[in-house]
Structures are given as structure tokens and as C-alpha cells.
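> pasting the sequence and the predicted model now:
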Amino acid sequence: MARKQTIRDTDYLVISARVKSLETRLLTEERLEQILEAKTGEEAVKLLQEWGYPQLDAARPETMDAALAAVREDTMADLAEGMPDKRYLELFKIKYDYHNVKALLKAEVMGVPADHMLMDMGRVPAADLAEAVRERELENLPEPLAAAVAEARQVLETTRDPQLSDIVLDRAAYRDMADLADATGSAFLRGYVAVQIDAVNLRTAVRTLRMGKGTDFLLGVLLEGGEISPDAVLKAASGGGTGLRDLYGATRFRTAAEAGADALSGGPLTEFEKRCDDAVGDYLAGARYVPFGEAPLVGYLAARETEYTNLRIVLMGRAAGIDPAVIRTRLRASYL
């Protein structure tokens, strides 16, 4: 178990000032609108270059993702220099480790290469993780990740069902994040993990009901660690969209639950997914008004993750010829 650390806001005076400076370079809604309305793809890329991004080629998604990963690593390296506790950066890398394990195990079973599915943005370099999984030499991986790889592989080899191995990895990923957040001693960071778990559980409930699967299946996939207990979600889901609206009506997930109920009646999932992400963003928004401490740092790191998501939505949507009005409906709420 990692050592729990006492947070002192004054430890973050320098890094908070750096974060406030970096926030001015985030892509605002107005800047995203300029990219969306650019007459050509070349003009959109030029605008992004003016705002500090490298050339992003939406026609080659793998190249674009690699470029975004490089930008992300530069940001992490910049912030690491003045950060009292590097675990705040580590938390934002955990999900990519588990994503990569999912890709590697599925590729292994299918007998195909996984290289094009890997994202080199985790704690463990993608190439090192691929070698460890392939050679079954897990001792140099972080302990929670190594245990999850072994369990997920056993489930996949036994059942041949990648959905079940994904459930193992998702549960391990959020437990890993929650344990790390607890170890930092930051209530704000722990709250950020909890609100993400709440979003995951709401998504899971809606998707399960849409697929016509029962509450027995749902019970096995809901995650512990959110503000809303799995038992409460399970009970609400038994009442369908109305039950979910009632459960989440007094929470920041109210509009997400309403969109989920609409999705259960045949409406689009895209609006529901956006509303879930926006609810997480609503939690983070409070960090903008904290003068110093770890909260502005967490808020900024999460804001950059949202920015990368929005950039992919805009650039990929433009490349696919999707109407700008449709793309707008998919954009996550801006931090600024």
C-alpha cells in the first residue's frame, strides 16, 4: 500500500501559478468553433499550429494520435518539474495501461498484431508492456497492473469472452486509480475518481438495459468506489429509465440520466455519452476558482484530456464530412 501523504496547499504555490498560466492556452469554445468552421482541413491545422499544436492529420488517425500523445507527454514533463507529488500525473496515465492490456490480450487470442491499437501514454511504455504481456514476464509491472493482466488472461483463456476480461481490467483500473488517489491524501482527487466511477456505472446501466440484459449481469459489472452505490444503481435500473432519472435527479448526473432514459426509448447514445462526460467536467469546474493547492492541477490535467477528445471529434468529424451542427452536439463542455 502506498504511503498516504498530508496535503498542504502551500506546497503547490509554484505549480498553481504555472497551471494558471497554462490555462490561458487551453482551447476555448470559441477556438473550437474556429476550427470547426475553417474552410479547409489545412486551415484548421494551421489554426492549431498557431495555438501550439503540431501538424495533425485527421486522414491518418494513428499519426494524429501519436502527435497528441507527444503533446500530452510534453505537458506532463513541463508540470513534473515543479510538482511536489508525481502521483497526480500517474493517475492520468493509468487508464492507458489498462487500455493497452485489453488490446494486447485480444490480439493475442485472435493471432493478430496489436501495435496499431496501442496508446503510448501510460505509466509503462507501450513497447515494454507489450513485451511483458507477450513473454508473460510481469514482475516489472506495477503490482496492481500485473495482477490484473494475469487474472484477465485467465478469464479470457477460460471463457474466450473478451467482454468478461474487459470487466476484470476495468474494475482493476478504477481500483488502481482510487488507491492511488487515497494515497495522495487529496480529497479532491479522490472525488474526481469517484465521479468517474459514477459516470461509468450510469453508462453501464444504460448500455445493459439497451442490450436487454438483466440485473444479474449488471450486478457483476458495476464498480465500487463512487458516490452512488452499486446497489442503488441496480435497484434503479430495475425500474428502467424512470428509475435512473429518479436516482440521479438530485445529482450532477441529472441531465445525463435524462439522456440515458431517452436512449432507452430509442434515442441516440452520443448525447448520453456527452452528458456523462459533462457531469464529470462539472465536478472539475470548481477547481478553476481555487487559488492554489492540488485542485487546479487536477482540473487542468483533466481539461487537457477533454481538449484532446474534442480535437479528435472535430478533426475526425471534418475528415468524414459530418455536418458541423452534428459535430457540435458531440463536443464535451469546455473547462473555460
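Sure, I can see it.
> distance from the chain centre to stretch 219-239, please.
20 Å (CA atoms, centre = their mean, to the nearest Å).
> one more: stretch 243-259?
With CA atoms, centre = their mean, you get 21 Å for stretch 243-259.
> that one: end-to-end distance?
Start-to-end span of stretch 243-259 (CA to CA, to the nearest Å) is 13 Å.
> right, and Arg72 touches Leu301 too?
No - counting by CB atoms under 8 Å, Arg72 stays clear of Leu301, with 9.6 Å between them. For every residue, glycine as well, the C-beta is placed using N, CA and C.
> overlap in contacts of those two?
Here Arg72 and Leu301 have no joint contacts, going by CB atoms under 8 Å, 6 or more residues apart in numbering.
> quick one: least confident helix or strand in this structure?
Every helix and strand of the chain was ranked by mean pLDDT, DSSP states H and E. The lowest is helix 61-80, at a mean of 83.
> flag every buried residue along it.
64-65, 67-69, 71-72, 75-76, 79 (16 or more other CB atoms under 10 Å).
> likewise for stretch 211-228?
215, 218, 221-223, 225-226, 228.
> output stretch 175-186 as PDB, nothing but the C-alphas.
What follows is stretch 175-186 as a C-alpha-only set of coordinates in PDB (Å, rounded to 0.1, in the frame of the first residue of the first chain):
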ATOM      1  CA  ARG A 175      -9.400   0.300  -8.100                       C
ATOM      2  CA  ASP A 176      -5.900   1.200  -9.000                       C
ATOM      3  CA  MET A 177      -6.900   4.900  -9.500                       C
ATOM      4  CA  ALA A 178      -8.900   5.000  -6.300                       C
ATOM      5  CA  ASP A 179      -6.000   3.500  -4.300                       C
ATOM      6  CA  LEU A 180      -3.500   6.000  -5.700                       C
ATOM      7  CA  ALA A 181      -5.900   8.900  -5.100                       C
ATOM      8  CA  ASP A 182      -6.300   7.800  -1.500                       C
ATOM      9  CA  ALA A 183      -2.600   7.500  -1.000                       C
ATOM     10  CA  THR A 184      -2.000  11.200  -2.000                       C
ATOM     11  CA  GLY A 185      -4.400  12.300   0.700                       C
ATOM     12  CA  SER A 186      -6.200  14.600  -1.700                       C
END
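> got a list of what the residue nearest to Ala261 when sequence neighbours are not counted touches?
Counting by CB to CB, 6 or more residues apart in numbering, Ala261 lies nearest to Gly241, which is 3.0 Å off, once chain neighbours are set aside. By CB under 8 Å, 6+ apart, the residues touching Gly241 are 209, 260-262, 264-265.
> returning to what we had before: show residues contacting the least confident helix or strand of the chain.
With CB under 8 Å, 6+ apart, helix 61-80 has contacts from 15, 18-19, 22, 53-58, 86, 89, 92, 116, 119-121, 297, 301, 304, 308, 311-312, 315-316.
> off-centre distance for it?
The mean C-alpha position of helix 61-80 is separated from the chain mean by 15 Å, CA atoms, centre = their mean.
> tell me the average confidence for whatever helix or strand comes next after that helix?
Under the assignment DSSP states H and E, the closest C-terminal helix or strand after helix 61-80 is helix 87-110. The pLDDT scores in helix 87-110 average 94.
> C-alpha coordinates for helix 87-110, PDB please?
C-alpha atoms of helix 87-110 as PDB (Å, rounded to 0.1, in the frame of the first residue of the first chain):
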ATOM      1  CA  ARG A  87       1.400  10.600  -8.400                       C
ATOM      2  CA  TYR A  88      -1.000  13.200  -9.700                       C
ATOM      3  CA  LEU A  89       0.500  12.800 -13.100                       C
ATOM      4  CA  GLU A  90       0.500   9.000 -12.700                       C
ATOM      5  CA  LEU A  91      -3.300   8.900 -12.100                       C
ATOM      6  CA  PHE A  92      -3.900  10.300 -15.600                       C
ATOM      7  CA  LYS A  93      -1.800   7.600 -17.100                       C
ATOM      8  CA  ILE A  94      -3.300   4.600 -15.500                       C
ATOM      9  CA  LYS A  95      -6.200   4.200 -17.900                       C
ATOM     10  CA  TYR A  96      -3.900   3.900 -20.900                       C
ATOM     11  CA  ASP A  97      -2.000   0.900 -19.300                       C
ATOM     12  CA  TYR A  98      -5.300  -1.000 -18.900                       C
ATOM     13  CA  HIS A  99      -6.500   0.000 -22.400                       C
ATOM     14  CA  ASN A 100      -3.200  -1.400 -23.800                       C
ATOM     15  CA  VAL A 101      -3.600  -4.600 -21.900                       C
ATOM     16  CA  LYS A 102      -7.100  -5.100 -23.300                       C
ATOM     17  CA  ALA A 103      -5.700  -4.600 -26.800                       C
ATOM     18  CA  LEU A 104      -2.800  -6.900 -26.300                       C
ATOM     19  CA  LEU A 105      -4.800  -9.800 -24.800                       C
ATOM     20  CA  LYS A 106      -7.500  -9.600 -27.600                       C
ATOM     21  CA  ALA A 107      -4.800  -9.500 -30.300                       C
ATOM     22  CA  GLU A 108      -3.100 -12.500 -28.700                       C
ATOM     23  CA  VAL A 109      -6.300 -14.600 -28.800                       C
ATOM     24  CA  MET A 110      -7.000 -13.500 -32.400                       C
END
